[in-house]
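here is my input, please return the structure:
(2 chains)
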Amino acid sequence: MLNVRRNMKQIHLHSLLKSRGCKGLAYSVIGLALLTVIIAFIQNALTTNHLMKVTPDAAIGNPKLMEFAEKRGAPLFRTHCASCHGEDGKGNTIFGVPNLTDRDWLYGTGRVSDIEKVLFYGIRSHNPRGWNLAVMPAFARPVPSVTERIPPMTPGETRAVIAYLLKLENRPAGGTLAAAGDMIFHGNGGCYDCHTADAKGDSAIGAPDLTDGIWLYGDGSPAAMFESIAYGRQGICPAWTGKLSLPAIREISIFVYSLSQNVGRKK
Amino acid sequence: MTDISVNRWLINTRKLLDMGRVSTARSLALMAFAALIGLILAGYALFTAHSTTTFFVPGEDVALVNQQPITRADYYTQIQTDYGVDFPNASREQREKVLSDMMREELFVQRGKELDVAETDPDVRTAMVNAVEQMAAADVMTAQPDQSRLLAYYNAHTDRYAEEGIMTVQDLVFTKALDANQAIAAIRAGSPMDATLARFNGRDSGKVNGEDFYFAAKIHLGDKLFELARSLSTGGIGGPISLADGFHILVMARNTPPKPRDFRTVQPQVLDDYRNEEIKRIMVQYNAFLKKRANVLIAGDMQ
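Numbers count the residues shown, from 1 in each chain, chains lettered A, B, ... in the order given. The predicted structure is shown next:
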């Protein structure tokens, strides 16, 4: 009895499908789906084209483009950048990977074009167009820097510079020691050369601001500072040109920019 | 007879053009036609210098020179480099000049490839070698090794990640060996430094002044005295050692020998070193791969 019913059902379905109306409907659905895919594809291509035609910084003035780029940039960021910067883009102070959400920019001023340049050419990435200028010397080594003629520091001088930096942040520091550190910072140590005379850094070469309480490496403790001054720092960011498509780089740049916009201003 | 042939031909043609009917002949004819068009296109692309051509400039480029793109990113960077202004702030003349220069460069690069300038110009050869090395190293630069690999690397090279030792030592010089020995005994007995120096006609050499890293102490003291200093523990007195200027004794106020820095502290340096070594390893492999697939002949007298 059950088999007969099943057979009847199949025959009914078969006849239904055979009927012209149903065939037409099926073709229409398939056609519509195909059309939707084609339209979506064309729309994507056109928006990508538009995104690439505007200057990087102009894209932020167009909410539609921003939404499009952010949506596509997020998975790309997770695939290519999150292994260092973290899924949330908050970085890692053990490896000196910067927090991308705090509006404190080591290179440039946080514009999409600045971010894009880092993505294209990298930092100390061996790419000639990359940011390859500044390297934190290792002052506890006989030759602190291979490119600059800088004398090493004694442990006492290192501690004096640390005291000066603590004083700049209004943290407890020995007055005499800090004064000695001031002399070294602006004198033989040559720190002012990259970090500038007011120690506020220089984003044109990636020299960090030493007065803002934001630390790229470690927690800002004297021990972490000693480590940086004594043994140097030179983090890298790979150059993605040639590895990622140009639209992908633009989309990641806009996504990173949007990460920094979701938090309150630093200063 | 002729009429019959014409009629048959007309009937066959009608059958061929009747889309409501399945026609093997029509299918074969269309297939042959499509294959012919494909062959013509392929042949054209193969035997013409420009190969396939696009007639529009992609959004990410500012120009195509013989189908080679000049990207907007490079163009914006060039404007910034040449004039120190962003693209939106660049004047029309500046934009045109940069684009014209970049197109000229592209044309000359392409001509350079045709002339095979790398064959004769050492600078071009160096640049090409660097560029290929860079491309080969890119995979290492973009990959983040896992912690276990870094830890294994650290464990295999702990000596590289040692802290620099620190010492605070005094170097005293005496003209006679006997005076030096007596001074050592006096200092050990608790005699004040200044009084001891005055009593045994000694002086501070002035080579070291306060706290020093090991490498600096070695430079200041010289190898012989540094070896002695390194062996002294805090509060220790060593010597006398005879040098050209007299008999030296060392008084060690504080000696902190180098000790390994923990993995957590040195992770960034471990990562750098690991990457650099990986790049070196990859270059060796890359070189071996290129050699393997190359046809290299070496002159008999050079083998």
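
contacts, neighbours, all on C-alpha from now
Noted.

in terms of secondary structure, what does the helix or strand harbouring B:Met31 contact?
Using DSSP states H and E, B:Met31 sits within helix B:24-47. Packing partners of helix B:24-47 (3 or more C-alpha pairs under 8 Å, 6 or more residues apart in numbering or on different chains; DSSP states H and E): helix B:2-17.

tell me which other helices or strands the helix it packs on touches.
Using 3+ C-alpha pairs under 8 Å, 6+ apart: helix B:2-17 touches helix B:24-47.

which parts of the helix it packs on are buried?
Neighbour counts over helix B:24-47 (16 or more other C-alpha atoms under 10 Å in any protein chain shown) mark B:Arg26 as buried.

now that helix: mean pLDDT?
The pLDDT scores in helix B:24-47 average 87.

cool, stretch A:111-129 as well?
In this model, stretch A:111-129 has a mean pLDDT of 89.

just the C-alpha atoms of that stretch, please, in PDB.
What follows is stretch A:111-129, C-alpha atoms only, in PDB (Å, rounded to 0.1, in the frame of the first residue of the first chain):
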ATOM      1  CA  ARG A 111      45.500  58.300   6.600                       C
ATOM      2  CA  VAL A 112      44.500  55.600   4.300                       C
ATOM      3  CA  SER A 113      47.300  56.600   1.900                       C
ATOM      4  CA  ASP A 114      49.900  56.200   4.800                       C
ATOM      5  CA  ILE A 115      48.500  52.800   5.700                       C
ATOM      6  CA  GLU A 116      48.500  51.700   2.100                       C
ATOM      7  CA  LYS A 117      52.100  52.800   1.600                       C
ATOM      8  CA  VAL A 118      53.100  50.600   4.500                       C
ATOM      9  CA  LEU A 119      51.200  47.700   3.100                       C
ATOM     10  CA  PHE A 120      52.700  48.200  -0.400                       C
ATOM     11  CA  TYR A 121      56.300  48.500   0.500                       C
ATOM     12  CA  GLY A 122      56.600  47.400   4.100                       C
ATOM     13  CA  ILE A 123      58.900  48.400   6.900                       C
ATOM     14  CA  ARG A 124      62.500  47.200   6.800                       C
ATOM     15  CA  SER A 125      61.200  44.700   4.200                       C
ATOM     16  CA  HIS A 126      64.200  45.000   1.900                       C
ATOM     17  CA  ASN A 127      61.900  46.800  -0.600                       C
ATOM     18  CA  PRO A 128      63.700  50.000  -1.700                       C
ATOM     19  CA  ARG A 129      60.500  52.000  -1.400                       C
END
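
so which residues on chain A come close to chain B?
Applying C-alpha under 8 Å from any C-alpha of the partner chain, we find that chain A lies next to chain B at A:48-53, A:55, A:80, A:83-84, A:94-96, A:125-127, A:140-142, A:154-156, A:233, A:235, A:237-240, A:246-247.

buried ones among these?
Listed as buried from those are A:48-49, A:51-53, A:55, A:80, A:83-84, A:95-96, A:125-127, A:140-142, A:154-156, A:233, A:235, A:237-240, A:246-247; burial here means 16+ other C-alpha under 10 Å.

can I assume B:Gln80 is in contact with B:Asn89?
No. Shown here, B:Gln80 and B:Asn89 do not form a contact pair, counting by C-alpha atoms under 8 Å, at 9.9 Å.

these two: which is more packed in?
B:Gln80 (15 against 12; other C-alpha atoms under 10 Å in any protein chain shown).

three-state assignment of the more buried one?
Judged by DSSP: H, G, I helix; E, B strand; the rest coil, the three-state class of B:Gln80 is helix.
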